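Visitor: Build me a model:
(one chain, ligands or ions: 1)
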Amino acid sequence: MIKFTLNGKTVETNASPTARLLDLLREEFELIGTKEGCGEGECGACSVFVNNLLQNSCLIPIGSIAGADIQTIEGILETEKFKILDESYSNAGGVQCGYCIPGMIMASAALLSKNPHPSEAEIREGISGNLCRCTGYNMIVDAINQAAK
Ligand code: FES
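Guide: Numbering: from 1, shown residues only. Reported below is the predicted structural model:
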C-alpha cells in the first residue's frame with residue numbers, strides 16, 4: 001500500500017511500485033488532464049508537480065512517491081494562477097489541438113512561481129521541456145508574457 005497526497009487529499013493505492021505515476025493518475029484516479037505523449041520524458045505532456053517541483057509523471061515509479069505531495073492540472077484549476085493563465089492562453093490564441101496545454105500550463109505555473117516577470121528568453125527556457133506538435137510556441141510565449149503582467 002502506497003499513501004500520498006493527491007490534489008490536497010490523502011490517497012492510497014495497491015498498484016505495483018514499479019507502475020508509472022502517469023498511468024496511476026489517469027487509470028486509477030481518472031485524472032485524465034495529465035496526458036501521455038512520448039512516454040520517455042521528452043515532451044512534458046505528462047507534467048505534474050511532485051512536492052512543488054515540475055516533473056514528468058511518465059518517468060516516476062509509484063514506489064518513489066510514498067508520502068509525496070502530487071498536484072495535477074485538475075488540482076490547480078481553482079487557483080488564481082490558473083485563472084490568469086486560462087485567460088491569457090485564450091487571449092493569445094495559445095491553444096491549437098490542445099494536447100500539450102495541460103503540461104504547458106503546469107510549466108507556465110512553475111515558471112511564474114519562480115520568476116513572476118520572466119523575459120522572453122526565460123519563458124522559452126521555462127517551457128523548453130514541453131513540446132507542442134502544432135508548433136504554436138509564439139502564441140504560448142505570448143500567453144505566458146500576458147499572464148506575467
Ligand atoms: Fe512524459 Fe512525454 S509523456 S514526457
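Visitor: Let me see the contact set for Gly37.
Guide: Counting by C-beta atoms under 8 Å, 6 or more residues apart in numbering, Gly37 touches Cys43, Gly44, Ala45, Cys46, Tyr99, Cys100, Gly103, Leu131. For glycine as for every other residue, the C-beta is placed from the backbone atoms N, C-alpha and C.
Visitor: change it to 10 Å
Guide: Residues in contact with Gly37 (C-beta atoms under 10 Å, 6 or more residues apart in numbering) are Cys43, Gly44, Ala45, Cys46, Asn56, Cys58, Tyr99, Cys100, Gly103, Asn130, Leu131, Arg133.
Visitor: want to throw those residues into TSV with secondary structure, neighbour count and distance to the ligand?
Guide: As requested, these are exported to TSV (DSSP: H, G, I helix; E, B strand; the rest coil; neighbours: other C-beta atoms under 10 Å; distance: C-beta to the nearest ligand atom, whole Å):
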residue	secondary structure	neighbour count	distance to the ligand
Cys43	coil	22	3
Gly44	coil	25	5
Ala45	coil	26	5
Cys46	coil	28	3
Asn56	strand	25	4
Cys58	helix	24	3
Tyr99	coil	18	11
Cys100	coil	25	10
Gly103	helix	28	8
Asn130	coil	25	9
Leu131	coil	18	8
Arg133	coil	12	12
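Visitor: from those residues, which has minimum pLDDT?
Guide: Lowest in pLDDT among the contacts of Gly37 is Arg133, which has 93.
Visitor: isn't that one right up against Met104?
Guide: No - using C-beta atoms under 10 Å, Arg133 is not in contact with Met104; the gap is 11.9 Å.
Visitor: Overlap in contacts, these two.
Guide: Shared contacts of Arg133 and Met104, defined by C-beta under 10 Å, 6+ apart, comprise Ala45.
Visitor: Got the domain ranges for this structure?
Guide: Following automatic domain parsing, one finds the domains of the chain at 2-76, 80-147.
Visitor: where in this structure is pLDDT low?
Guide: Across the chain, nothing is flagged by pLDDT under 70.
Visitor: can you give me the helices in it?
Guide: 21-23, 80-92, 101-114, 120-126, 137-147 (DSSP state H).
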